[in-house]
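> structure for the following, please:
(chains A, B and C)
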Amino acid sequence: MLGANLIQLSFLASLASFLAAVPAAWFEGRSKRWQGLPSFILMIGLLLGVFVAGAQLGSAAPPQFDFSKVTPFAFALKIDRLSAFFLLLICAVALPVIWYSRSYLPRHYDPVKIQWIWALSSLFIFSMVLVVAAASAFSFLMGWELMTLLSAALILVDGTSRERLHNLFIYLVMMHAGAAAVAASFFMFLPVSHDLYFSSLRASGFLLSPGARAAIFLLALVGFGAKAGIIPLHLWLPRAHPIAPTPVSALMSGLMLKTAIYGLVRFSFDFLGGGPAWSGYVLLTLGAVSGVLGILYASGEHDLKRLLAYSSIENIGIIFMGLGASLIFLADQSPAYAVLALVAALFHTLNHALFKSLLFLGAGSIADATHTLDLNELGGLLNRLPNTGIAFLIGCVSIVGLPLFNGFVSELLTFQSFLAGATLHVPAARIVLPLMAGTLALVGGLSAACFVNVFGVAFLGRPRTDAAESAHEAPQGMLAGMSLLAMACIALGIYPRLVLEPLIALAQTLIPTATLPAEFTGLQRLLAPAAVAMLALALITMLIRGRRRVTAPWACGLPGLSPRMQYTATAFSKPIRSVFAAVYKPDRDLSVLPSDHSYFPTAISYRSVRTTSYERYLYRPVTNAVVALANQLRRFQTGNIQVYLLYIFLTLVTLLILLGLRK
Amino acid sequence: MHLNLVHLAVGKTLSSSAVFLFLTVLLLAASRRVSTSIVLFALQSAIITAQVMATAYTEASTEAWVVAALVFTLKVVTIPSALLWLVKRLKASRGIKPAIGSGAAVFVAALMIFLSYLAVQPYARASRIPEDTLAAAVALILTGAFLMVSHRTALMQIVGLLVLENGIFLAALTTTFGMPLVIEIGVFFDLLMGILIMGVFAFRIRDTFEHLDVTRLRRLRG
Amino acid sequence: MTILIHALQALLIVLGAPLLRGWVSKIKARIQRRQGAAVWRPYADLAKLFRKEDLVPPLASGIFLAAPRIVFCATATATLLIPVFHPAALLGAPGDFVLLVALLALARFALVLGAMDGGGAFGGMGGSREAMVSALAEGPFLLGLTSVAILARSSQISVITGWTLGQNFFDVSAVHLLAFSTLAMVAIAETGRIPVDNPTTHLELTMIHEAMVLEHSGPSLAFLEWAGAVKLSLMMSLLIALFFPWGMADGPTLQAIALSAAAFLGKIVMLGLVLALFESSIAKLRTYAVPDFLGIASATGFLAVVFTLFGER
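Presented below is the predicted three-dimensional model:
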C-alpha cells in the first residue's frame, strides 16, 4: 500500500516540478543566484517520472487520479502499462536533452530568451506527460492542444521572421485540423458510451456499429497521422522541426511525434480492440510510402536539421508498418504474431526517440562549433570534435539499423513479423506482408546511404571551409547529454531484454490470450554471441598495426589537391537522386540569355526547387476549395449586426421546429 | 531401369518446364539486344520442344513426334538463324533504346506472370490441365504483346510476334493434348510466310529510312 | 566436437577465401589465353601487404585506420552464420538471415566511411556509387532470402538448408529458381564483380570498390582485400547452402564430414568456374545502367515471394 502511495505521490510531485520550473525560470532571469534552478527542478521532475514509469511498467495496478470534482469536465489521469511505457520514453529521453540544454542555451541565447525557453519547454514536457497519462478525453485533448501551442511558442522564441511565421502558420493549421479530427473521433463514441472516460470508451468499443468503428479509426488516423507526420500529412514537419531551438527540435522529433503513436495505439488497440479489417493495410501502405519517400527526401537534403526531420518521417513510417502488420495479424486471429509486430513497433518508437534526439543534439553541437548546418560547408570535424563525433556516429549507425545497435533490434523484429505474414489465412496478406520485407530493406539501404553521407561529409575528410577548420569541441555538459543517449543506444542494441520483456507484457495486456512467438527467444541467442565475436575479432585486428607514414592522398600525380575536390553531400547523393528522379520531380528552371550568337549566351541562370508535388497536387486543390467555399460563405457575412442576430434567431426557431417534429 | 529414367525425365519436363519458360520471359523483358532476344527465343522454343516430346511420350502419339521435329527445325534452328543473319545484314545488333527501362520491363513481365496465374486458376482447377503450363502459355502471349508494344525496332517486333505465337502454340498443346497434325503444319506455314514478309519489310524500311525505328514511320500517314 | 566443426566451417570460408579468388582469376586468365598468376597468389599478396607500412593522409582521423578492420570483423562475423559441412552453424536463431544482411551492411558502412576519410576526390566518388548499389541491392537480397524462408517455414539459414536437403534436386520450383537468380545477381552486385563493378579496373570513370580502397595501403589494404575475398566466398557458400546443399553430412561423424567437405569444395570450384565464365562473357554495365540490373533482381525477388503463394510444387 505504501508503495502505491509512494508512486502516486512521486507522480504528482513530478507534475508539480514541471510546473514549478516556470517560476524558477522567472527567478533565474532576475538574479545570478538562481542560475541553473529551473533545469535542476525539471531534471528532478523527470527523474521522478522515470521512477514512476519504471515501477508501473512492471505492475498490474495502475495509479489513478480523478480531479473531476474540481474541473468542469471529466479530468482524470491513469498510468497503465502503455502510459507508463510512453512516460518512460518521454522522461528518460528528455533528461539528457535537458542536461545538454543546461550548457547549450547560455552559449546561444540571452538570459531573457533562456528564461522563456525554460518556462515553455518545462510546460511542453508537462503537456506531453499529460497526453500520455490522460484517462479521459478532456484531459487528453487539453494536453494535446497545449502541446501544439507550446511547441509553436518555443519556435517563436528563436525569431519572428516572415518565413518562420509562414512555416509556423502551416504547422498550426495542420495541427488544429488534426486535433479537430481527434476530438471528433472521441465524440463518435458518445452514442454508445455515457461519458468519455477511457475506461468507458474501452468498455463500449464493441457496441459500436461497423460504420462508426471505421469512422473513428479514420478520424483518429488523420488526427494522429498529422501529428506523426505521415506522408501526405507531413508538410509541416520539415518546416517546423528545423526552425526550433536545437534542444526543442530534439524534443519535438524525439518525443512529440511519439505521442501520436501513443494515441494511435490507444485508439486502435485499446478502444477499438483491433479496428476494422482493412485498417492494418491502410497503416501498412501509409507506413511504406512514408518510409521510402521520407528517406529519399532526406537523402536529397544537405541542411542537417531538415535532413533529420525528413528521416523522422521515414522512422514514423517504419513504426506505422509494424503497427499495420500487428493489426493485420489481429484481424486474422493470430494474436501471437500481433504481439510480435506491436512490440517491434513500440520498440522502434523508443529507439527512434533515443537516436533522433541524439542526432539533433549532435547537430546542435555542430552548429555550436561551426555556426552552420549546411553539410557542404563542413568536413574533417572528427579531429576537432572527437567526442561529439563518436556520439554522432553511434546515432548514425543506430538509425541505419546496423547490428549491435538498438535500431537493428527493432528492425529485426519488424522483419520477423513481416515474414510471419506467410502463415496468415488470407492469401492477399500472405504475400503483402513478406513483400513489405523488401520495402523495409530498401528503406534500410537508402537510410544507410543517407547517413553514411551525413557522417562522412560532416566529420571525415578535410574541412571544406574556415568555419569547419576552426571548430572546437562542445563543453562537458553537452557531451554528457549526448553520451547518455549514445550509451542507451548501445545497451539496447546488445541487451534488448531490458525493454523487450516489459514491452511484451504490455503488448499482452493490449492483445489478451496471446502466446509468445519463438522469435523473441532467438534474438538474445543471436545478438550477444555476435557482439562477443565481433569484439574479439576487433581486438585481434587492432593488434595488427604496422609502421605508419603520413603522405598526401592520390591526386592523379598532380599538385594542389584542395578540400573542394572532395565529394560534397549533394554530389554524394546524386546517384540515388538520379535513380529516383521521378520521386523528386525538381522544378528546374534553366534560362539562357542569348546574345546575338546563339552558341555564346551572355548569361545562364539555373534554379532548382524540390518537393513541390504535394503542394501542387494535394494541398493546392484543398486550399483552393476552402477559399472558394469561404468566398461563397462571405455572402452571409454582411457586417450588419442585426442580420447576425437574425441568423441566431432563425437557427433557434429551426431547431425548435425540428424538436417539435421529432416529438 | 532405362524406361524408368525416361519416365522420370518426362515427368520432370512436364512439371518444371513452365518455370524455365517464366525465366525466359523475364530475360526477354530484360534483354537490350536483338540478338540476345533471338537466342532467348530459340531457348524458349527448345523448352517447348521438350514439352511436346514429353507429351508425345505420355500420349503415345506419332503425330506429336512429327510436330516436335517441326518445332525444333523451324523455331529452334531455322527462324532464329535466319533472324540472326538478318540482324547481321542489317547491322542492328544493338537495339534502339526501348520505351521502358529494363528493370521496369521485368517488373511488368513479373506482374503479367502473376496475372496469368490468377486468370487461369479457376479454369485449370476445373479440368485436368496443368495450371503452370497454361499460365506459362498465357504469360508468353502477354509478354509477346508487351515486347511488340515496348520496343521500337522492327526486328524486336518480329521476336515479339514469335513469342506470342509460342504462347498460342503452348496453350493449344496443353488444352488439347496434341493438335491434329494438319492444323499444326498450316500454322507453321503461316508463321514462316509472316516472318518472310516481315523480314523483307525490315530490309525495305532500312533501305528507305536508314534505320529500323518504327516510331519514325509516323510520317507515312500522310 | 560439433562446436569444433562449426568453427572449422567459418575458418574454411575465411581462410579459403583468397584461394577462391585466385581460382576465379586463374580461370579468367586462361579464358583470355593468358597463363595467369598462381592460384596461391592472393595469399602472397596478403602476406606482402601485412609486412608493409600504413600510409595515412595528413588530415585523416582514426576512422581511416579503424574502418578496414571493422570491415574485416563484420564480414568475418557474418561467416559464423553459414552452414558448410552440415546444416548447422556456430551462430543461428530465427531471423539470423537479417543479421547476415545487416552485418554485410555494417561492413559496407565502415568501408564507405573509411573511403571518405581519405580526403581525396576518389573516396567520395566510390563511396557514393557503392551507396547507390548497396541501397538498391538490399531489397532484392532480403526478398530472395524471404522467399526461401517462407518455403522452409523458418527464418534460420541452417534450418532452411536442412529443409532443402530433404527435398529432391529435380523438383525445381519456380520459387527456388527465381530466388536463386535474385540472390546470384545480388551476390554479383555485393561482391563488385562484372557487370556491376570491375574488380581489376583502375579507371576513374568506372571504378567503385577500387576507388574506395585507393588511399589504403599496407595492413589496412590487406584487411580490405581479405574482407572482399571473404565476402565472395561467403556469398557463394550462402548460395550453396540455400540452393545446392546436397552432399552435406547428416551427423557429425568424421567420415560424413570429410565427404561433405569434398562435396563443398567441388561445388565451390564449380561456382567459381561459372562466375569466371559469366564475367568473361559479358561487359561491364555503365554505372547508370546498374540500377536496371538491380531492378531486374528486385523484380525476380518480388516474383519469388509472390510465387510462394502458389504452394511448393
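> helix or strand: which one has the closest residue to chain B within the stretch 301-450 of chain A?
Of all residues in the stretch 301-450 of chain A, residue A:431 sits closest to chain B, at 9.3 Å by CB to the nearest CB. Backbone N, C-alpha and C define where each C-beta goes, glycine included. Residue A:431 is part of helix A:427-459 when elements are defined by DSSP states H and E.
> re earlier: so the residue of the stretch 301-450 of chain A closest to chain B touches residue C:309, yeah?
Yes. When contacts are counted by CB atoms under 8 Å, residue A:431 is listed as touching residue C:309 (5.2 Å).
> who's more crowded, these two?
Comparing residue A:431 with residue C:309 by other CB atoms under 10 Å in any protein chain shown, the one with more neighbours is residue A:431, at 20 against 16.
> distance of the more buried one relative to residue A:652?
Separation of residue A:431 from residue A:652 (CB to CB, to the nearest Å) stands at 58 Å.
> how about residue A:112?
Distance from residue A:112 to residue A:652, by CB to CB: 50 Å.
> who are the packing partners of the helix or strand encompassing residue A:173?
Using DSSP H and E, residue A:173 sits in helix A:162-187. Applying 3 or more CB pairs under 8 Å, 6 or more residues apart in numbering or on different chains; DSSP states H and E, one finds that helix A:162-187 contacts helix A:137-157, helix A:210-228, helix A:237-240.
> helix A:210-228 and the first one, what's the angle between them?
Following axes from the mean of the first three to the mean of the last three CA atoms, to 10 degrees, one obtains 20 degrees for the angle between helix A:137-157 and helix A:210-228.
> got the CA positions of helix A:137-157 in CSV?
Taking C-alpha atoms only, helix A:137-157 is exported to CSV below (Å, rounded to 0.1, in the frame of the first residue of the first chain):
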residue,chain,number,x,y,z
ALA,A,137,-11.0,12.6,-23.4
PHE,A,138,-10.9,16.1,-21.9
SER,A,139,-7.5,15.7,-20.2
PHE,A,140,-6.1,14.1,-23.3
LEU,A,141,-7.4,16.9,-25.6
MET,A,142,-6.2,19.5,-23.2
GLY,A,143,-2.7,18.1,-23.2
TRP,A,144,-2.8,17.7,-26.9
GLU,A,145,-3.7,21.3,-27.6
LEU,A,146,-1.2,22.6,-25.1
MET,A,147,1.5,20.5,-26.7
THR,A,148,0.8,22.1,-30.1
LEU,A,149,0.6,25.7,-28.8
LEU,A,150,3.7,25.4,-26.5
SER,A,151,5.8,23.9,-29.3
ALA,A,152,4.7,26.8,-31.5
ALA,A,153,5.6,29.3,-28.9
LEU,A,154,9.0,27.7,-28.5
ILE,A,155,9.6,28.1,-32.2
LEU,A,156,8.7,31.7,-31.9
VAL,A,157,11.4,32.3,-29.2
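> tell me what angle it forms with helix A:162-187.
180 degrees.
> tell me which residues of helix A:137-157 are tucked away?
Of the residues in helix A:137-157, A:137-157 count as buried by neighbour count, 16 or more other CB atoms under 10 Å in any protein chain shown.
> start to end distance for stretch A:273-281?
By CA to CA, to the nearest Å, the extent of stretch A:273-281 from end to end equals 16 Å.
> so where's the stretch 201-313 of chain C uncertain?
Applying pLDDT under 70 to the stretch 201-313 of chain C flags residues C:311-313.
> get me the contact residues on it for chain B.
Contact residues, the stretch 201-313 of chain C versus chain B (CB under 8 Å from any CB of the partner chain): C:291-296, C:298-300, C:302-303, C:306, C:310, C:313.
> buried ones among those residues?
By 16+ other CB under 10 Å, these give C:291-296, C:298-300, C:302-303, C:306, C:310 as buried.
> also near chain A: which of those, exactly?
C:291, C:298, C:302, C:306.
> and stretch A:631-649, how far apart are its ends?
End-to-end for stretch A:631-649, by CA to CA: 24 Å.
> let me redo that: stretch A:463-481
Start-to-end, stretch A:463-481 (CA to CA) is 26 Å.
> count the residues that sit near the closest residue in space to residue C:193 that isn't next to it in sequence.
The shortest distance from residue C:193 to any non-neighbouring residue, by CB to CB, 6 or more residues apart in numbering or on different chains, is to residue C:279 (5.9 Å). Residue C:279 is flanked by 21 other residues according to other CB under 10 Å.
> contacts only, for residue C:279.
Counting by CB atoms under 8 Å, 6 or more residues apart in numbering or on different chains, residue C:279 touches C:24, C:28, C:193, C:194.
> cool, and residue B:84?
Per CB under 8 Å, 6+ apart, neighbours of residue B:84: B:35, B:38, B:39.
> can you rerun that using 10 Å?
The contact partners of residue B:84, by CB atoms under 10 Å, 6 or more residues apart in numbering or on different chains, come to B:34, B:35, B:38, B:39, B:42, B:93.
> the helix or strand where the fourth one lies - contacts with which helices or strands?
Under the assignment given by DSSP H and E, the secondary-structure element containing residue B:39 is helix B:34-59. In terms of contacts (3 or more CB pairs under 10 Å, 6 or more residues apart in numbering or on different chains; DSSP states H and E), helix B:34-59 is packed against helix B:2-30, helix B:62-71, helix B:79-90, helix B:131-150, helix B:154-176.
> including mean pLDDT and distance to residue C:66, could those go into CSV?
CSV is the format used below for the helices and strands packed on helix B:34-59 (pLDDT from 0 to 100; distance: least, CB to CB, whole Å):
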stretch, mean pLDDT, distance to residue C:66
helix B:2-30, 79, 40
helix B:62-71, 85, 62
helix B:79-90, 86, 54
helix B:131-150, 87, 49
helix B:154-176, 84, 52
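> let's have those in JSON lines, adding distance to residue A:474.
What follows is those, written out as JSON lines (distance: least, CB to CB, whole Å):
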{"stretch": "helix B:2-30", "distance to residue A:474": "52"}
{"stretch": "helix B:62-71", "distance to residue A:474": "76"}
{"stretch": "helix B:79-90", "distance to residue A:474": "66"}
{"stretch": "helix B:131-150", "distance to residue A:474": "57"}
{"stretch": "helix B:154-176", "distance to residue A:474": "62"}
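> so which of those helices comes closest to residue C:161?
helix B:2-30 (21.4 Å; CB to CB).
> distance from the closest one to the middle of the chain?
Counting by CA atoms, centre = their mean, to the nearest Å, helix B:2-30 is centred 15 Å from the centre of its parent chain.
> name the helices or strands packed onto it?
Using 3+ CB pairs under 10 Å, 6+ apart, helix B:2-30 is in contact with helix B:34-59, helix B:102-126, helix B:131-150, helix B:154-176, helix C:174-190, helix C:290-307.
> next, the angle helix B:154-176 makes with that helix.
Angle, helix B:2-30 to helix B:154-176, by the same axes, to 10 degrees: 140 degrees.
> contact partners for the residue in the stretch 451-600 of chain A that chain B sits nearest to?
Among the residues of the stretch 451-600 of chain A, residue A:579 lies nearest to chain B; the distance is 9.7 Å by CB to the nearest CB. Neighbouring residues of residue A:579 by CB under 10 Å, 6+ apart: A:296, B:103, C:132, C:135, C:136, C:288, C:290, C:291, C:292, C:294, C:295.
> still on that earlier bit, buried residues of the helix holding residue B:39, list them for me.
B:34-35, B:37-58.
> give me the mean pLDDT for stretch A:615-624.
Stretch A:615-624 shows an average pLDDT of 80 in the prediction.
> end to end on it, go ahead and measure it.
11 Å.
> quick one: the residue of the stretch 301-450 of chain A closest to chain B from residue A:331, how far?
Relative to residue A:331, and taking CB to CB, residue A:431 is found at 16 Å.
> understood, closing this out.
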